[in-house]
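Visitor: Coordinates for the following, if possible.
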Amino acid sequence: MDIVSFLQFTFIQRALVAGIFIAVLCAILGMFLVLRRMSLIGDGLAHVTFGAIALGLFFGMYPFAVAVPLVVAGSYLILKISEKAKVYGDAAIGIVSAVGIAGGILLASLSGGFNVDLFSYLFGNILAISSTEVALSIVLSITVLGAIYLFYQEIFAAAFDEEFARVSGLRTSRINTLLVSLTAVSVVLSVRVVGIMLISALLILPAVTALQHARSLARALLAAAGYAVLSVLLGIALSFYADLPTGATIVMANAAFFGTALLYKRFAGS
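Guide: Numbers count the residues shown, from 1 in each chain. Predicted structure coming up:
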């Protein structure tokens, strides 16, 4: 089958459009999370997303409508536990993550076990994405990217030196709240692309790959977005032709780019 025939499939078109928007979003947001040493928050919020989606399916509601506000609330809870309970950020992530995944398992049990819908959210199925989910991905991606653009200088300052930014008068608590809230929305959007189990890879791998060679933040952001988009395009194509799980194939494509960047850095520097 040639490329023209491949692109004529409506479900492939939907997957490519949604995948590209979400890839760019996760790559740019993931860069700031990596620089802030907050990259594991994506994994924690993915577990909260599992519980939120299970709740939506349990009550017969649209999962994303339930997941977005609940996961945003979960991200805010992580911050508050870190501040008020005087525990490290990774411990706060672990607490909220454990509650989220346990809640999802309980709801799945009450509803008669892991049904097909919940299973697809666990491991991703971008080829089955609906037109409504594509539209939602585009709107929310543009909204989140717009927020990053508007608050770029503040996020940039807090990412590189939070203490100096605070002393300079920047309200870093608000920036942290904004950053984790945007991450929560991005995590929910990424569920259909790579699944709950692999979301953190979509946030981390393009960013760390770009950081291997980029010499400025602007170049790193562009490179990360490029790697993310290429991995989605390659992952969708390979999974279609080789009959492989799409989410896992996208993540492995990201991992291949990262490995190549590491090798290039090693041999180019020697």
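Visitor: going forward, measure contacts between C-alpha atoms and count neighbours the same way
Guide: Fine.
Visitor: Can you name every helix or strand that the host helix or strand of L202 contacts?
Guide: Taking DSSP states H and E as the criterion, L202 maps to helix 199-210. Secondary-structure packing of helix 199-210 (3 or more CA pairs under 8 Å, 6 or more residues apart in numbering; DSSP states H and E): helix 10-35, helix 41-58, helix 172-194, helix 217-242, helix 246-269.
Visitor: For it, buried residues please.
Guide: 199-210 (16 or more other CA atoms under 10 Å).
Visitor: And stretch 234-243, by the same measure?
Guide: Under 16+ other CA under 10 Å, the buried positions of stretch 234-243 are 234-239.
Visitor: Using a markdown table, lay out the residues you listed together with distance to V99.
Guide: Shown next, in a markdown table, are the buried residues of stretch 234-243 (distance: CA to CA, whole Å):
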| residue | distance to V99 |
| --- | --- |
| L234 | 35 |
| G235 | 32 |
| I236 | 33 |
| A237 | 36 |
| L238 | 36 |
| S239 | 33 |
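Visitor: Between those, which sits nearest K80?
Guide: G235 (37.3 Å; CA to CA).
Visitor: And the closest residue to the closest one other than its chain neighbours, what's its pLDDT?
Guide: Spatially, and ignoring its direct neighbours in sequence, G235 is nearest to I250 (4.2 Å; CA to CA, 6 or more residues apart in numbering). Looking at I250, its pLDDT stands at 91.
Visitor: How about the one 3 residues further on?
Guide: According to the prediction, A253 has pLDDT 94.
Visitor: Just give the closest residue to it, not the sequence neighbours.
Guide: Spatially, and ignoring its direct neighbours in sequence, A253 is nearest to S231 (5.1 Å; CA to CA, 6+ apart).
Visitor: Check whether that neighbour really touches A248, as I assumed.
Guide: No - S231 is not in contact with A248 according to CA atoms under 8 Å; the separation is 10.8 Å.
Visitor: how far away is L122 from F32?
Guide: L122 is 25 Å from F32, where distance means CA to CA, to the nearest Å.
Visitor: residues in contact with stretch 25-44?
Guide: Residues outside stretch 25-44 that contact it (CA atoms under 8 Å, 6 or more residues apart in numbering): 90, 93-94, 96-97, 141, 144-145, 148, 155-156, 158-160, 180, 182-184, 186-187, 197, 199-200, 202-204, 206-208, 221, 224-225, 228.
Visitor: quick one: least confident of the buried residues of helix 199-210?
Guide: Minimum pLDDT across those falls on S200, with 83.
Visitor: what's the closest of the buried residues of helix 199-210 to I12?
Guide: The closest of the buried residues of helix 199-210, once distances to I12 are taken by CA to CA, is L202, at 19.7 Å.
Visitor: Quick check, the closest one in contact with V251.
Guide: Yes - with contacts counted by CA under 8 Å, L202 reaches V251, the gap being 6.7 Å.
Visitor: what is in contact with those two at once?
Guide: V194.
Visitor: Pull out the buried members of the contacts of stretch 25-44.
Guide: Neighbour counting with 16+ other CA under 10 Å marks 93-94, 96-97, 141, 144-145, 148, 155-156, 158-159, 180, 182-184, 186-187, 197, 199-200, 202-204, 206-208, 221, 224-225, 228 as buried within these.
Visitor: what about the helices in the stretch 51-200 of the chain?
Guide: 63-84, 89-110, 116-123, 131-150, 152-160, 162-167, 172-194, 199-210 (DSSP state H, counting those that start in this stretch).
Visitor: Dump those helices to TSV, plus distance to A54.
Guide: As requested, the helices of the stretch 51-200 of the chain are exported to TSV (distance: least, CA to CA, whole Å):
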stretch	distance to A54
helix 63-84	8
helix 89-110	5
helix 116-123	7
helix 131-150	17
helix 152-160	33
helix 162-167	36
helix 172-194	13
helix 199-210	17
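Visitor: where among those helices is the average confidence lowest?
Guide: In terms of average pLDDT, helix 116-123 trails the rest of the helices of the stretch 51-200 of the chain, at a mean of 71.
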